[in-house]
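Trainee: For reference, the sequence and a predicted model appear below.
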Amino acid sequence: MKKICMALLLVFILIVVAGCSSNDNQAQNEASSESQVGTLEFKANGEDFVRQGFVSKDGWNISFDKVLVTLSEINAYITNPPYEADNHEAIESDNMVSLPGSFTVDLAEGGDDADTISVGQIDVPAGFYNAISWKIVQAVSGDAAGNTILIVGTASKNGETIPFKIGINQEYQYYAGEYVGDERKGIVEADCPADLEMTFHFDHIFGDGDLQADDGLNTAALGFAPFAALVENGQIDISGENIESGFSSEDYGKYLDIIPTLGHVGEGHAFAEEL
Amino acid sequence: MKHHILIPILVFIFIILVSGTAMAHGVEFEYQSSMAYLITGSYDDGTPLSEAQVTVYAPDDPKNAWATGSSNDEGKYSFLPDISKPGIWTVQFRKAGHGGTINLEVGEDSLAASNTGYTSAQMAVMAIAVIWGLIGTALYFKREKK
């Protein structure tokens, strides 16, 4: 009977050892990619909405002169299993690289067909960086001081033209998985640099006149009318407390709901935590 | 005594040989199980992500699309991964500024399951059960007769 028990125990041990050796192979594959180094560039993108302007859900033709966003604590990660923002959790990974510093970038910089804005680049171990996190924080100096996002432009409708300056001061941290778009981003190789993109969807604020009125994006968006109602001396110049006091409670609630949805990775959503 | 041992073994072998095919009036069937994935994309409010652009990436070539296509009117897209490429397969849905990613683990378990209908763990349990049964049978016939 003892021999039988020993035999069964031996079978069990063999199965366990086989499982462990499989995991070891996986770990070796991940480590081998770290011996090579490549360049990872971080970019910010306001999309064609910002570069070319667009028509809001309520018919205002909006163009942008400046869209200043202040970014900080930008990190990229190799996650396995891949991070999914829909789980509404922070990213956890031992494989993290960071772009040190804070940066105020103008998403409207350049012409209609301008490239996305380069924020910075770092040398990193080769690998597939399939997650990213960043903060939007209040700028401490410059035109955007006190704001996380400063939107400057012009809105026109039915012959009326209103210059506007809208300051957003809520601070958020965004966590996102891999970029969703025409190409796959974040695959760093020794002889092949890669980039990751922090994308901002400003149609979430103003809505999109090209979509149906009952489209989910438009029903959640403010449009431009609540801002147009705050015109003083022929222009709009609002931020922070002005927005809260000027908007109806319903519109201000919408506004607070929209800000955490601005951050994306291409067309992929991000999970946002207020700071 | 030898016949007592041989008969159950022969029956066991017969069952194993016959179980792979099904016969009916001379018509033969062969089957092969597969692990197709049916993915349904939808907006947050449940509206189907219909006619979305779909891109599938295999784990061995993360840079280049393994397959492209589009979802149907119900936001559904199906594909049959190459099970010789175990790892995480990534499927992206995109439509008019909206998009999302789902990651699917196609591993050794999927490979084994697609060939036999059982996962590795299930087969290990079955193997242990068979070994245990054989040992038990051998002990039964080896027991001392009173």
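Mentor: Structure received.

Trainee: A:E189 is in contact with A:G38, isn't it?
Mentor: Yes - A:E189 is in contact with A:G38 according to CB atoms under 8 Å; the separation is 5.4 Å. Yep, even glycine has a C-beta here, placed from its N, CA and C like the rest.

Trainee: what sits in contact with each of these two?
Mentor: A:A126 (CB atoms under 8 Å, 6 or more residues apart in numbering or on different chains).

Trainee: Contact residues of chain B facing chain A?
Mentor: With CB under 8 Å from any CB of the partner chain as the criterion, chain B meets chain A at residues B:43-45, B:47, B:57, B:62-63, B:88, B:90, B:92, B:94, B:96-101, B:103, B:105, B:108, B:124, B:127-128, B:131-132, B:135, B:139.

Trainee: ok, 6 Å please
Mentor: Listed as neighbours of chain A in chain B under the rule CB under 6 Å from any CB of the partner chain: B:Y43, B:D45, B:P62, B:K63, B:Q92, B:R94, B:G97, B:G99, B:T101, B:N103, B:A124, B:I135.

Trainee: hmm, which two among those are most spread apart?
Mentor: Across these, the longest distance by CB to CB is 63.9 Å; it joins B:G97 and B:I135.

Trainee: Surely A:H264 touches A:H201?
Mentor: Yes - the pair formed by A:H264 and A:H201 meets the contact definition of CB atoms under 6 Å, at 5.5 Å.

Trainee: burial measure for the residue of the stretch 101-250 of chain A at minimum distance from chain B, as a count.
Mentor: Across the stretch 101-250 of chain A, no residue is closer to chain B than A:V180, which sits at 3.9 Å (CB to the nearest CB). Neighbour count for A:V180, taken as other CB atoms under 10 Å in any protein chain shown: 23.

Trainee: how about whichever residue of chain A sits closest to chain B, what does it touch?
Mentor: Taking CB to the nearest CB as the measure, chain A has A:E267 as its residue closest to chain B, at 3.1 Å. Neighbour list for A:E267: A:V180, B:R94, B:G97, B:G99 [criterion: CB atoms under 6 Å, 6 or more residues apart in numbering or on different chains].

Trainee: how about the nearest residue to it, chain neighbours excluded?
Mentor: Nearest non-adjacent residue to A:E267, counting by CB to CB, 6 or more residues apart in numbering or on different chains: B:G99, 3.1 Å away.

Trainee: Show me what the one you found is bridged to.
Mentor: B:G99 has these beta-bridge partners by DSSP bridges: A:G268, B:R94.

Trainee: And the pLDDT for residue 53?
Mentor: All of this is about chain A. A:G53 carries a pLDDT value of 94.

Trainee: wrong one, chain B
Mentor: 95.

Trainee: how close does it get to A:S249?
Mentor: 39 Å (CB to CB, to the nearest Å).

Trainee: Comparing those two, which residue is more hemmed in?
Mentor: Per other CB under 10 Å, whichever of B:Q53 and A:S249 has more neighbours is B:Q53, with 17 against 8.

Trainee: what's the weakest-modelled helix or strand in the chain?
Mentor: No chain specified, so I'll use chain A. The weakest-scoring helix or strand in chain A, judged by mean pLDDT, DSSP states H and E, is helix A:2-32 (a mean of 45).

Trainee: You answered for a different chain; I wanted chain B.
Mentor: For chain B, judged by mean pLDDT, DSSP H and E, that is strand B:22-24, with a mean of 46.

Trainee: Tell me the first helix or strand C-terminal of that one.
Mentor: In the C-terminal direction, the helix or strand that comes right after strand B:22-24 (DSSP states H and E) is strand B:27-29.

Trainee: That next one pairs with which strands, parallel or anti?
Mentor: Strand B:27-29 is paired, per DSSP bridges, with strand B:22-24 (antiparallel).

Trainee: Show me what from chain A comes close to chain B.
Mentor: Residues of chain A lying close to chain B (CB under 6 Å from any CB) are A:I4, A:I15, A:P82, A:F128, A:V180, A:R184, A:I187, A:G216, A:E267, A:G268.

Trainee: contacting residues around A:L256?
Mentor: Contacts for A:L256 (CB under 6 Å, 6+ apart) come out as none.

Trainee: Spatially nearest residue to A:E244 (excluding sequence neighbours)?
Mentor: Closest residue to A:E244 apart from its sequence neighbours, by CB to CB, 6+ apart: A:Y252 at 5.6 Å.

Trainee: how near is that neighbour to A:Q170?
Mentor: Distance from A:Y252 to A:Q170, counting by CB to CB: 12 Å.
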